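Peer 1: heads up, no residue letters with this:
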């Protein structure tokens, strides 16, 4: 019997490789064909994709998105955000994902990336990635608010305006508001992708202005009755007013809201681990759980 050949490498330009990746994605994550096709049309790049092939067939895949970790003192570290990590169900439990991750970490080390980060798709995967050397490092405050709860938020006279914003302007505001914190900074290219996701859902990315305060928000409409505020950044004292304005523009029964753990204490919700981090180079900087690092956009 011939021994099965396994190969780990960057993606090529063969059309059948893309078809096989899409199949694995759907089997592992259950996303719609529309969402999967959207990703491969707008974000897929061969040189940012790692494949594990088993006897010539794609058995596992992942995407490496170039991002940066920005420290509180503004030191910047080149980082890769690993996204869409998936092994075909037929091959799960055989170490394929582990081997693919090992290749990826070595590749990133050679490319002078200091860290890799990832957002586990399921809660139980945190333990799997801890075994790969990852640790909790990035947190979010997640809140579920009903329309009635938002209506009852205490605010003064309405002063809030919102308007669609370019990815470049969104990024400038985002980086300014997160300055002094540990956070993930994105290229304009990634913000542009989020804008496309938001617009496809019937929403957008926005500039929020309340007198002298400026903020930003990335919003998606999940269904007629549910809105996902994937990211909102603005000072705490005007946060309730911003949420009221969002609810006015995007009426729904429920609002899922994500923000940095250091914001929104008055709204309660839960603070939970969101993303994990691993060093791929020897650097002095490290992220401790108490730092409450912020990743934000996970493109989930």
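Peer 2: On my side now, so go ahead. Note that the structure is predicted; figures quoted are calculated from it, not measured.
Peer 1: Am I right that residue 123 falls within a strand?
Peer 2: No - secondary structure of residue 123 (DSSP: H, G, I helix; E, B strand; the rest coil): coil, not part of a strand.
Peer 1: surely residue 213 meets residue 234?
Peer 2: Yes - Residue 213 lies in contact with residue 234 (C-beta atoms under 8 Å); the separation is 6.2 Å. Glycine gets a C-beta too; all of them are placed from N, C-alpha and C.
Peer 1: Tell me which of the two has more neighbours.
Peer 2: Between residue 213 and residue 234, counting by other C-beta atoms under 10 Å, residue 234 is the more crowded of the two (24 against 17).
Peer 1: My guess is that one contacts residue 209. True?
Peer 2: No - taking C-beta under 8 Å as the contact criterion, residue 234 and residue 209 are not neighbours in contact, 9.5 Å apart.
Peer 1: Name the residues contacting each of the two.
Peer 2: With contacts defined as C-beta atoms under 8 Å, 6 or more residues apart in numbering, the residues shared by residue 234 and residue 209 are residue 215.
Peer 1: what about the chain, any weak spots by pLDDT?
Peer 2: Across the chain, residues meeting the criterion (pLDDT under 70) sit at 1-4, 158.
Peer 1: which secondary structure elements does the longest strand belonging to it contact?
Peer 2: In the chain, taking DSSP state E as the definition, the longest strand is strand 57-70. Where contact means 3 or more C-beta pairs under 8 Å, 6 or more residues apart in numbering; DSSP states H and E, strand 57-70 is packed against helix 15-29, strand 49-54, strand 76-87, helix 96-110, strand 115-118, strand 183-185.
Peer 1: From the rest of the structure, what touches stretch 215-223?
Peer 2: 162, 165, 170, 173-174, 177, 194-195, 197-198, 201-209, 227-235, 238, 242, 246, 250, 252, 256, 297.
Peer 1: Just the buried subset of those, please.
Peer 2: 162, 165, 170, 173-174, 177, 194-195, 197-198, 203-209, 227-234, 238, 242, 246, 250, 252, 256, 297 (16 or more other C-beta atoms under 10 Å).
Peer 1: What about those residues, which are in strands?
Peer 2: If you go by DSSP E, those have 162, 205-209, 227-233, 256 in strands.
Peer 1: tell me the two of those residues that are most distant?
Peer 2: Spatial extent of those (C-beta to C-beta) is set by the pair 209 and 256 at 23.6 Å.
Peer 1: For residue 188, which residues are in contact?
Peer 2: 167-168, 171.
Peer 1: List phi and psi for residue 225.
Peer 2: Main-chain dihedrals, residue 225, degrees, to the nearest 10: phi -100, psi 0.
Peer 1: State the distance from it to residue 124.
Peer 2: Residue 225 is 29 Å from residue 124, where distance means C-beta to C-beta, to the nearest Å.
Peer 1: The two: who's more crowded?
Peer 2: residue 225 (11 against 8).
Peer 1: how many neighbours does the nearest residue to that one once chain neighbours are set aside have?
Peer 2: Nearest-residue entry for residue 225: residue 253, 4.2 Å, with adjacent residues in sequence omitted and distances by C-beta to C-beta, 6 or more residues apart in numbering. Here the count is done by other C-beta under 10 Å, and residue 253 has 12 residues near it.
Peer 1: Which secondary structure element is home to residue 189?
Peer 2: Element membership for residue 189 (DSSP states H and E) is helix 188-201.
Peer 1: If residue 10 is in a bridge, with which residues?
Peer 2: Per DSSP bridges, the residues bridged to residue 10 are residue 50.
Peer 1: Apologies, that question was intended for residue 279.
Peer 2: For residue 279, the beta-bridge partners are residue 115 (DSSP bridges).
Peer 1: so how far is residue 212 from it?
Peer 2: With the distance defined as C-beta to C-beta, residue 279 ends up 40 Å from residue 212.
Peer 1: Same drill for those two, tell me which one is more crowded.
Peer 2: residue 279 (19 against 7).
Peer 1: so how far is residue 79 from that one?
Peer 2: Distance, residue 279 to residue 79, using C-beta to C-beta: 10 Å.
Peer 1: Quickly list what's touching both of the two.
Peer 2: 114-115.
Peer 1: I'd say the residue nearest to residue 225 and residue 144 touch.
Peer 2: No - contact status for residue 253 versus residue 144: not in contact, 10.9 Å apart, counting by C-beta under 8 Å.
Peer 1: Stretch 215-226: which residues count as buried?
Peer 2: Those would be 215-221, for stretch 215-226 by 16+ other C-beta under 10 Å.
Peer 1: next one: stretch 104-116
Peer 2: Of the residues in stretch 104-116, 104-105, 107-108, 113-116 count as buried by neighbour count, 16+ other C-beta under 10 Å.
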